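A.B. asks: model the structure of this input:
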Amino acid sequence: MKGQVEVKEIELEEAKRISLEQDKKFVWLGGPTRVSIPEILEISDTKILSIEPGEITHFDQQTLGMLDGFIFVCPHGRTSFAIAKYLKSKNMEAYSLKGGVAAIVGENY
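C.D. replies: Next up is the predicted model:
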């Protein structure tokens, strides 16, 4: 359909591959958790950023550009999907971790 933005929802293994091969980071969009998100994703602390979702829509074009190609992660995949869709509408590459952290560990995070 004309005008629709297609978001790439990807599984964790593909996300890790993209992160490694393209030197892209994961972006955690959730709040504080009882467990470490890098531990859940089995990635280095240096490969993840934490950003409040509402802040991204206020970023200038240069700051937004720094997120190009990143993998967005949230508790259930809905917020990461919305942010990836927003970035895609700005002609950027963005990925959403399918199902969020809950798809990996259930609701125990």
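
A.B. asks: so the residue lying closest to T57 once chain neighbours are set aside is in which element?
C.D. replies: Spatial nearest neighbour of T57, chain neighbours left out: Y86 (6.6 Å); criterion: CB to CB, 6 or more residues apart in numbering. All C-beta spots, glycine's among them, are computed from the backbone N, C-alpha and C. Secondary structure assignment for Y86, by DSSP states H and E: helix 78-89.

A.B. asks: ok, and for whichever helix or strand comes after that helix, which residues are buried?
C.D. replies: On the C-terminal side of helix 78-89, the closest following helix or strand by DSSP H and E is strand 95-97. Neighbour-count burial for strand 95-97 flags Y95, S96, L97 (criterion: 16 or more other CB atoms under 10 Å).

A.B. asks: what helices and strands are in contact with strand 95-97?
C.D. replies: Packing partners of strand 95-97 (3 or more CB pairs under 8 Å, 6 or more residues apart in numbering; DSSP states H and E): strand 8-10, helix 12-22, strand 71-73, helix 78-89.

A.B. asks: show me the contact partners of stretch 57-75.
C.D. replies: 10, 15, 18-19, 22, 24-30, 37, 41, 48-49, 53, 56, 79-80, 83-84, 86-87, 90, 92-97, 100-102, 109 (CB atoms under 8 Å, 6 or more residues apart in numbering).

A.B. asks: what is the least confident helix or strand in the chain?
C.D. replies: Scoring the helices and strands of the chain by mean pLDDT, DSSP states H and E places helix 102-105 at the bottom, with a mean of 91.
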